[in-house]
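Asker: Got a sequence here, can you build the structure:
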Amino acid sequence: MRIFGKGRHRPSASWRQATDRAFTLIGDGRYEDAGALLTRAADLEPWLSESWFNLALLHKFRHDWEQARTAGLRAVALLEKESGAPDWWNVGIAATALQDWPLARRAWQAYGLKVPGGAAVPDEPAEMDLGSAAVRLSPEGEAEVVWGRRLDPARIEVLSIPLPSSGRRWGEVVLHDGVPHGERTTAAGHTYPVFDEIELWAPSPVPTWVVLLEAATEDDRDALEQLAADAGFAAEDWSSSVRLLCRMCSESRMPADEGDGEHLDPHDHSEPGHPGPLGHRTDGQLWVPERECGIAAPASLVRGLLDGWVADSPDSRDWRDLEEVC
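Answerer: Numbers count the residues shown, from 1 in each chain. Take a look at the predicted model:
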């Protein structure tokens, strides 16, 4: 049965066949062929919200945000329930990508989220401060999970220092998908979702450097990280913070510890002599003074930062081989 503007019927066999085949093609990365089939499905069942939801999803995969917004709005216009539908979440992602803040606010509110300010500041981003989360950079390439701060339901500011292979920098804001793939847990019992990056939303002007440190103790290492933070930038001991995980482990619930201490993480696939906590272990010794460290700081500051760190304790600290890598 049809009612005005909405479909209240089972989709036809032709619609289901075209849609099923389209998602198989999407899984193979054949977006153009999938688009032709989903467009045909929408022609067959134009009053079915799923027709437009599927097209919006495809356009999201292709990062075609104008088309994703258009198809998404057609999908939500045909919804039968007022809130909580994933159609609105896709509209929110597309609107955020386009910096269409009035529509983004409307989408998050329609989904059922509380948006600070409501309609009072429609032309500004909905800075919602949703706490900490992890984001998987380059999920289809050399994926790397880093920590960040959720600015709203679709954006994360990167607070870790990513490895140069990711092409990302500390302080960048990335657009991310809404469905988490994995979790990270802490010793305190907190659980954080891991979202997949969609694309870079706002670049960072701060370059990434790699340097070899001689830090006699963990306190010496911590002093550099604190010094960088006090200057408004960041330093990260990659020797401890980097773990090599298989895809299955990465997308599951994993402890967020760094592999320090006597416990050997069975999910850490690094080996002695290679990146990762296990690569920096020696028999009977848990701390190796030579550390590979990432630093996020301007070129005008980075050497002074390192020299100041050494000057505070010259007998237990040194650095060499500074290189800009991203």
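
Asker: where exactly do the strands run in the protein?
Answerer: Taking DSSP state E as the test, the strands found in the chain are 2-3, 6-7, 132-137, 144-152, 155-158, 173-176, 183-185, 191-202, 208-215, 234-237, 253-255, 290-296, 317-324.

Asker: closest to Arg62 out of these?
Answerer: Put simply, out of those the one that sits nearest Arg62 is strand 191-202, at 10.8 Å, with distance taken as C-beta to C-beta. To be clear about C-beta, it is placed using only N, CA and C from the backbone, and glycine gets the same treatment.

Asker: quick one: strands adjacent to the closest one?
Answerer: Using DSSP bridges, the strands paired with strand 191-202 in its sheet are strand 132-137 (parallel), strand 173-176 (antiparallel), strand 183-185 (antiparallel).

Asker: Export those as TSV, with columns for distance to Ile156, mean neighbour count and mean pLDDT.
Answerer: What follows is the strands paired with strand 191-202, written out as TSV (distance: least, C-beta to C-beta, whole Å; neighbours: other C-beta atoms under 10 Å; pLDDT from 0 to 100):
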stretch	distance to Ile156	mean neighbour count	mean pLDDT
strand 132-137	5	22	91
strand 173-176	6	22	97
strand 183-185	13	17	80
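
Asker: coming back round to it: redo the strands of the chain as TSV? Include distance to Leu227.
Answerer: Formatted as TSV, the entries for the strands of the chain read as follows, by distance: least, C-beta to C-beta, whole Å:
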stretch	distance to Leu227
strand 2-3	66
strand 6-7	61
strand 132-137	23
strand 144-152	20
strand 155-158	20
strand 173-176	25
strand 183-185	27
strand 191-202	26
strand 208-215	12
strand 234-237	7
strand 253-255	28
strand 290-296	10
strand 317-324	11
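
Asker: do you know which of those lies nearest Val76?
Answerer: Of all the strands of the chain, strand 6-7 sits nearest to Val76, with 11.9 Å by C-beta to C-beta.

Asker: Quick one: mean pLDDT for the closest one?
Answerer: For strand 6-7, mean pLDDT is 45.

Asker: Show me which parts of stretch 96-111 are buried, residue by residue.
Answerer: 96-97, 100-101, 103-111 (16 or more other C-beta atoms under 10 Å).

Asker: Check stretch 15-31 too.
Answerer: Buried residues in stretch 15-31, counted by 16+ other C-beta under 10 Å: 15, 18-19, 22, 25-26, 31.

Asker: For it, list the C-alpha coordinates in CSV.
Answerer: What follows is stretch 15-31 as a C-alpha-only set of coordinates in CSV (Å, rounded to 0.1, in the frame of the first residue of the first chain):
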residue,chain,number,x,y,z
TRP,A,15,15.0,-3.7,-6.5
ARG,A,16,16.5,-6.3,-4.1
GLN,A,17,18.5,-7.9,-6.8
ALA,A,18,20.0,-4.5,-8.0
THR,A,19,20.7,-3.5,-4.4
ASP,A,20,22.4,-6.7,-3.4
ARG,A,21,24.6,-6.7,-6.5
ALA,A,22,25.5,-3.1,-5.9
PHE,A,23,26.8,-3.7,-2.4
THR,A,24,28.8,-6.7,-3.7
LEU,A,25,30.4,-4.2,-6.2
ILE,A,26,31.0,-1.7,-3.4
GLY,A,27,32.9,-4.3,-1.5
ASP,A,28,35.1,-4.8,-4.6
GLY,A,29,35.7,-1.1,-4.9
ARG,A,30,33.7,-0.8,-8.1
TYR,A,31,31.8,2.4,-7.1
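
Asker: Now find how far off-centre it is within its chain.
Answerer: 26 Å (C-alpha atoms, centre = their mean, to the nearest Å).

Asker: cool, stretch 40-53 as well?
Answerer: That offset, for stretch 40-53, works out to 31 Å (C-alpha atoms, centre = their mean).

Asker: Would you mind confirming that Ser132 makes contact with Arg149?
Answerer: Yes. Under the criterion of C-beta atoms under 8 Å, Ser132 is in contact with Arg149, at a separation of 6.2 Å.

Asker: closest to Asp123 among the buried residues of stretch 96-111?
Answerer: Within the set of those, Trp101 lies nearest Asp123; the separation is 5.6 Å, counting by C-beta to C-beta.

Asker: if we can go back for a sec, okay, the buried residues of stretch 96-111 in a markdown table with distance to Leu37 and pLDDT next?
Answerer: Listed next are the buried residues of stretch 96-111 as a markdown table, based on distance: C-beta to C-beta, whole Å; pLDDT from 0 to 100:
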| residue | distance to Leu37 | pLDDT |
| --- | --- | --- |
| Thr96 | 28 | 97 |
| Ala97 | 24 | 97 |
| Asp100 | 28 | 96 |
| Trp101 | 33 | 94 |
| Leu103 | 28 | 94 |
| Ala104 | 29 | 94 |
| Arg105 | 33 | 93 |
| Arg106 | 30 | 92 |
| Ala107 | 27 | 94 |
| Trp108 | 31 | 93 |
| Gln109 | 33 | 91 |
| Ala110 | 29 | 92 |
| Tyr111 | 28 | 92 |
